[in-house]
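> missing the sequence, but the structure's below:
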């Protein structure tokens, strides 16, 4: 019975936390759709989230694409199927590795930054000061961050991640594995379908929402001084990564279950 009591408390705690996150997300979306708006803050967040994340996203996906090409070539050579390398690289990067790796990297950078910044503002009572000045924190602090991440993930970061990842495989295949450049590009273009790109951009949008939501939620609700800010930052990154992996499966099932 003690085991059942502990298990029940865990389930209740999980449902309570999920409810708080759901209420937070609903309130944020409501404020995103109603004026006043803060376009200058939105642009600042877009630059911080999108532009400054490009170097680490590009480097990660470049070497991932090259490593993927090496592994595929090594495996397919056992069955004399080396010609499938361009197809597997482009499908693997666009459907799965590009958006997922990009999401995890941005979660580590952006979600932690949001949680630390908002958590510091919370424990130093800056958020309370905004409310005293009749400025709604959800409109000025939360909505621009979530909207900027949702915009920049599909329109910039994942597009760059997919492209550079495919180019990483192309460069290694043509320089070290003896593939013809024109034939490699032709195979890549022929086997890449519109549904693959749509699925990748859909994942990017979903990932961007969860990354910013987790960072803002944990930072906004931080308590307990510097230690509380550290705990909020850790929880933001962990929960964002978990939501990325779970939603990645859900979106993949939606598009490719047949």
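Received it, and whenever you're ready, just let me know what you need. For clarity, every value in this text was computed on a predicted model and none was experimentally measured.

> from here on, contacts and neighbour counts on C-alpha atoms
Fine.

> Within the helices and strands, which one has residue 18?
helix 2-33 (DSSP states H and E).

> What of residue 197?
Element membership for residue 197 (DSSP H and E) is helix 194-220.

> quick check: angle from the helix or strand that that helix is followed by to helix 194-220?
Note on helix 194-220: by DSSP H and E, the next helix or strand toward the C-terminus is helix 225-256. Put simply, helix 225-256 runs at 160 degrees to helix 194-220, going by axes from the mean of the first three to the mean of the last three CA atoms, to 10 degrees.

> just to revisit the earlier point, need the mean per-residue confidence for the helix holding residue 18.
Taken as a whole, helix 2-33 has a mean pLDDT of 88.

> helices or strands up against that helix?
Helix 2-33 is packed against helix 143-152, helix 194-220, with contacts defined by 3 or more CA pairs under 8 Å, 6 or more residues apart in numbering; DSSP states H and E.

> Name the residues of that helix that come out as buried.
For helix 2-33, the neighbour count (16 or more other CA atoms under 10 Å) marks 21, 24-25, 28-29, 31-32 as buried.

> Max pairwise distance over these: which two?
Based on CA to CA, the longest span within those runs between 21 and 32 and measures 16.3 Å.

> Can you give me the end-to-end span of stretch 213-231?
Using CA to CA, to the nearest Å, one end of stretch 213-231 lies 16 Å from the other.

> With stretch 131-140 instead?
11 Å.

> hmm, who's touching that stretch?
With contacts defined as CA atoms under 8 Å, 6 or more residues apart in numbering, stretch 131-140 is touched by 27-28, 31-32, 36-38, 41, 127, 130.

> So which of the helices and strands packed on helix 2-33 is nearest residue 72?
Residue 72 sits nearest to helix 194-220 of all these, at 19.6 Å, using CA to CA.

> picking that back up, can you list the contacts of stretch 131-140 in a markdown table and add distance to residue 141?
Putting the contacts of stretch 131-140 into a markdown table (distance: CA to CA, whole Å) gives the following:
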| residue | distance to residue 141 |
| --- | --- |
| 27 | 13 |
| 28 | 10 |
| 31 | 11 |
| 32 | 11 |
| 36 | 13 |
| 37 | 11 |
| 38 | 10 |
| 41 | 8 |
| 127 | 9 |
| 130 | 10 |
